[in-house]
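K.L.:
sequence and predicted structure, then a few things I'm wondering about:
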Amino acid sequence: MLRSTSFLLLAALAACNPGGPGAGPQGGAGQQQGAAQVPLVRTAGVEERQVQRVIEVSATIEARRTVTIQPKIAGRVLTLNLDEVDEGKTVEIGAPLLCLDAAEAQAALEQAKAQKEQVEALLADRKLQLDLQELEREARTQRVRETEIERDRLEAQVRRNEELDPDLVSPQQAEEDRLAMQAAEVAVTVADINLQKHAVELALAEQAVKELEARVKIETKRVDAEQLRVDEHEITAPISGVISERLVEQGQTVATTTSLFTIVDTSELIAYLQRPQRELPIVRTAKSVRFTTDAVPDHTFEASVDVLLPIVDVESGSFRLRVRVTDDEYTHLLRPGMFVRATILTEDDRDALMVPKQAVLNDGVNSIVYVVRDGIAERVVLQPGVEERSFIESTDRGANGLQPEDRVVISGHSGLRDKIAVEEVEE
C-alpha cells in the first residue's frame, strides 16, 4: 500500500513538470542570462560651471618676528616690575623690562669722566700757552724785521761815508757808523737765532697739544664705553609685541647665556605652506590664499603669497612658500600656533566641465569614464584638470572627449566595455 502511494505522488509531480527533473532551474538560468546581456547602469550628467584651481593644505600660524632676549652682561636682577612685564603683557619697543645692579659699572663711569675732565683741563692750559707762544713768535719775527731794517740802514750809511769826500766825514764818525753796522748785523743774527729757537719750542707745544687732544679722544671713548656698560644693565624691549615667556625672577643672578624674556610680534602673522615639487609651476602664479581656523568659526581670512622659497627639500621633494595674513577686523583674534586650513587660489574663475568622481575608473595609467549616448556605453579617456571633493574636471572637449550634454555611468560598471548597449537609469 505504501509503495503504491509513493509511486502515484512521483507520477503526479512528473506530470506537473514535463521538462523532467531539473528542467525548472535550467529554464530560470536561461532567462537570467538573456536579461544580463543588456547591463543596467545608473548615470549622471556632467556639469558645466565656473571653477578655480585651488590647492588645499593645512598649516600653523606663526609670528613673523619672535625675539628671545639675553643680557649682554652678567649681573643680579635689581628691579623687575611684574605689573608691566609679566607674561601676556604688551610692550612697546624700547620699554624697560628689568635692571641689573650697575653700582660697579657706575663707579667706573665716574672715574672715567674724572680722568677725561683732567686731561681736558690740561689740554686747555696747553692751548692757552700755545696761543701765547704764537704771539711771541709774531713778536720775534717782527724783531728780526726791525734789526734787518736797522742793519740795512747802517750799511747804506757806511757806503755813503765811503763815497763822500773824506774832508766831509770825520774818521771818528765813519768808525762809529761802521761799528754800529757790525752791531746791527750781530743783532740780526741773534734775532734770527731766537726766532728759530722759538719755532722749535712752538713745534713742541703744538705736538703736546695734539697728544693731549688724542688723549681726550681716548678718554671720551672710555667714557662712552663705560656709559654703554652702564646702559646695558637696563634691559629694554627690542621690538613691540606680547611677552610670551618670562624666564627670570627678582634678585636672580643671570649670565650672558641666560634667556630672560620671549617677545612675539603679533602684528605680522605668517604661515609656511609645504607642497610637492610638481605643484611649483602652479603656485608660481598663485593669486591669493584663504584660510579658516576652528578658533574663529564662520570667518575666512585672506593672505598673500609673501615669499616662494627657491629650495626643494631633497628628502621630501617638497618646497615651501610663506604667506602673510592680511589685516582685517578679525585678525586680532588669531594667535601664533593656531592650526589653519588654507586654500591656495592659483587662477581666476573660468568655465569647466566637471565629472562626478563616481564615474571615474582607473585603467592602468589612464583615468576613464563611460558615456551613454543613444543607449550605447562609450569608453572615454579622461584628461583631468581641477579636482574638487566630489568632481573632477575634464579638460578635453574635442571629438574624443566629453560634451556638456553627456551623461556618464556612476554605478553598474561591472561588465562594461566600449560600444556595448546598456539600459540607463538616470540619477
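P.N.:
Yep, that arrived.
K.L.:
from residue 173, how far off is residue 166?
P.N.:
Residue 166 sits at a distance of 11 Å from residue 173 (criterion: CB to CB, to the nearest Å). Any C-beta I mention is one placed from the backbone N, CA and C, and that applies to glycine too.
K.L.:
cool, and residue 83?
P.N.:
105 Å.
K.L.:
those two: which is more packed in?
P.N.:
Shown here are residue 83 and residue 173; by other CB atoms under 10 Å, residue 173 has more neighbours (12 against 6).
K.L.:
can you count the residues close to the nearest residue to the more buried one once chain neighbours are set aside?
P.N.:
Distance criterion CB to CB, 6 or more residues apart in numbering; nearest residue to residue 173, sequence neighbours excluded, is residue 161 at 7.4 Å. With neighbours defined by other CB under 10 Å, the count for residue 161 comes to 19.
K.L.:
OK, contacts around residue 161?
P.N.:
Applying CB atoms under 8 Å, 6 or more residues apart in numbering to residue 161 gives the contacts 169, 173, 174, 177, 178.
K.L.:
and it, what helix or strand is that in?
P.N.:
Residue 161 belongs to helix 103-163 when assigned by DSSP states H and E.
K.L.:
avg pLDDT for that helix?
P.N.:
Across helix 103-163, the average pLDDT comes to 93.
K.L.:
what is the orientation angle of the following helix or strand past that helix with helix 103-163?
P.N.:
Per DSSP H and E, helix 103-163 leads on to helix 171-231 as the next helix or strand towards the C-terminus. Per axes from the mean of the first three to the mean of the last three CA atoms, to 10 degrees, the angle that helix 171-231 makes with helix 103-163 is 170 degrees.
K.L.:
packing partners of helix 171-231?
P.N.:
Using 3 or more CB pairs under 8 Å, 6 or more residues apart in numbering; DSSP states H and E, the elements in contact with helix 171-231 are helix 103-163.
K.L.:
tell me the phi and psi of the residue of the chain positioned farthest from its centre?
P.N.:
Each residue of the chain has a distance to the centre, and by CA atoms, centre = their mean the biggest one is for residue 167: 108.5 Å. Backbone torsions of residue 167, given as degrees, to the nearest 10, read phi -70, psi -20.
K.L.:
now do the same contact list for residue 387.
P.N.:
Residue 387 neighbours (CB under 8 Å, 6+ apart): residue 393.
K.L.:
the one 10 residues further on too?
P.N.:
Residues in contact with residue 397 (CB under 8 Å, 6+ apart) are 353, 403.
K.L.:
show the buried residues in the contacts of residue 161.
P.N.:
174, 177, 178 (16 or more other CB atoms under 10 Å).
K.L.:
could I get the residues you listed as CSV with distance to residue 279 and pLDDT?
P.N.:
What follows is these, written out as CSV (distance: CB to CB, whole Å; pLDDT from 0 to 100):
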residue, distance to residue 279, pLDDT
174, 119, 82
177, 114, 83
178, 114, 87
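K.L.:
so how many other residues sit close to the nearest residue to residue 261 once chain neighbours are set aside?
P.N.:
Of all residues not flanking residue 261 in the chain, residue 69 sits nearest, at 4.6 Å (CB to CB, 6+ apart). By other CB under 10 Å, the residues close to residue 69 number 21.
K.L.:
and residue 69, what's its pLDDT?
P.N.:
Value listed for residue 69 in the pLDDT field: 97.
K.L.:
look up how far residue 229 lies from it.
P.N.:
For residue 69, the distance to residue 229 - CB to CB - is 18 Å.
K.L.:
all helices of the stretch 301-427 of the chain, in order?
P.N.:
Assigned by DSSP state H, counting those that start in this stretch, the stretch 301-427 of the chain shows no helices.
K.L.:
what stretches of it score poorly on pLDDT?
P.N.:
The stretch 301-427 of the chain contains no residues with pLDDT under 70.
K.L.:
which residues of it fall in strands?
P.N.:
301-308, 318-325, 339-345, 350-356, 361-363, 366-373, 376-382, 384-387, 391-394, 407-411, 420-421, 423-426 (DSSP state E, counting those that start in this stretch).
K.L.:
what residues does the first one touch?
P.N.:
By CB under 8 Å, 6+ apart, the residues outside strand 301-308 that reach it are 270-271, 283-284, 286, 288-293, 319, 321-326, 328, 330-331, 334, 340, 342.
K.L.:
each with direction, which strands does that strand pair with?
P.N.:
strand 288-292 (antiparallel), strand 318-325 (antiparallel) (DSSP bridges).
K.L.:
please apply the same query to the fifth one.
P.N.:
Sheet partners assigned to strand 361-363 using DSSP bridges are listed as strand 366-373 (antiparallel).
K.L.:
please apply the same query to the last one.
P.N.:
The pairing partners recorded for strand 423-426 under DSSP bridges are strand 40-45 (parallel).
K.L.:
contacts only, for the spatially closest residue to residue 225 that is not a sequence neighbour.
P.N.:
Closest residue in space to residue 225, ignoring its immediate chain neighbours: residue 112 at 8.0 Å, by CB to CB, 6+ apart. By CB under 8 Å, 6+ apart, the residues touching residue 112 are 219, 222, 223, 225, 226.
K.L.:
and which of those residues is nearest to residue 239?
P.N.:
Closest approach between those and residue 239, by CB to CB: residue 225, at 26.0 Å.
K.L.:
so for the closest one, what's the pLDDT?
P.N.:
pLDDT, read off for residue 225, is 96.
K.L.:
I'd like to know how far the residue nearest to residue 173 sits from residue 154.
P.N.:
On the measure of CB to CB, residue 161 and residue 154 end up 10 Å apart.
K.L.:
repeat for residue 207
P.N.:
Where residue 154 is concerned, residue 207 sits at a distance of 39 Å (CB to CB).
K.L.:
higher neighbour count, these two?
P.N.:
Counted by other CB under 10 Å, residue 207 and residue 154 do not tie: residue 154 has more neighbours, with 19 against 10.
K.L.:
any idea how far residue 144 is from the nearest residue to the more buried one once chain neighbours are set aside?
P.N.:
Excluding the flanking residues, the one nearest residue 154 by CB to CB, 6+ apart is residue 181, at 3.8 Å. For residue 181, the distance to residue 144 (CB to CB) stands at 17 Å.
K.L.:
thinking again about what came up before, wait, which of the strands paired with strand 301-308 is closest to residue 194?
P.N.:
strand 318-325 (80.3 Å).
K.L.:
check which residues of the closest one are buried.
P.N.:
319, 321, 322, 323, 324, 325.
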